[in-house]
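*Asks:* fold the stuff below for me.
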Amino acid sequence: MDTFQRKARYGVAQQGNMTEAPATLTYASVVSRELVCITLSLVALNGLDVKMMDIANAFLQAPVLEKIWTICGPEFGPDEGRKAILVRALYGLCSAGAAFRNHMADCMDNLGFKPCLADQDVWMHAATRPDDGFDYMEYVLLYVDDISLVVSHDGMAILDKMDKFFPMKEGSKGGHDMYLGAKLREVK
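*Replies:* Numbers count the residues shown, from 1 in each chain. As a prediction, this is how the structure comes out:
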């Protein structure tokens, strides 16, 4: 995995006519508010737990969907003036959101989760609670780089597996106080 030791705040200012780009290349969906509310209701009704995490440098994790090159500027030192091919989606690319969404879908598939037919940003996996044999569905809700995981036990193990695909922001893994700007609290 990249260490981003030479990371800088680079973005892309695309030039030319970008209106011809198809929506499938530029669109990245997010989980609906309604399904977030329904899922939190399932958590309360079934005694499940919620774990959260936030992916660091989200778009830089995804391979770029387009063939894009640039001429290196003075910030590249001895490589100034050389042509460089982008291999990762940068902020500002029309396709960056869709590239990250596709990359996240590959991660979820590798972890054994399948997308919900009603919302492609809700991923499900059948599970059984070990203490009482209760069958339930584990859910992962994706809102770009904000992830909510609904489990009955050992949610941190799943988050640790996801952390191998995407490094998480420091201190964002596990807690469930906030999600998408809303404060969450458990009511008994």
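
*Asks:* for Asn110, what are phi and psi?
*Replies:* Main-chain dihedrals, Asn110, degrees, to the nearest 10: phi -60, psi -30.

*Asks:* adjust the sequence numbering to begin at 327 for everything that follows.
*Replies:* From this message on, residue numbering opens at 327, which makes the last subject Asn436.

*Asks:* for it, give its distance to Tyr462.
*Replies:* 22 Å (CB to CB, to the nearest Å). In this view, the C-beta of every residue, glycine as well, is placed from N, C-alpha and C.

*Asks:* neighbour count for the two, which is higher?
*Replies:* Neighbour count, other CB atoms under 10 Å: between Asn436 and Tyr462, Tyr462 has more, with 17 against 12.

*Asks:* what secondary structure does the residue located most distally from the centre of the chain sit in?
*Replies:* In terms of distance from the mean C-alpha position of the chain, Pro404 ranks first, at 34.7 Å (CA atoms, centre = their mean). Under the three-state scheme (DSSP: H, G, I helix; E, B strand; the rest coil), the conformation of Pro404 reads as helix.

*Asks:* helix or strand next in line after whichever strand in the chain runs longest, which one?
*Replies:* Longest strand in the chain by number of residues (criterion: DSSP state E): strand 461-469. Reading on from strand 461-469 to the C-terminus, the next helix or strand found by DSSP states H and E is strand 472-477.
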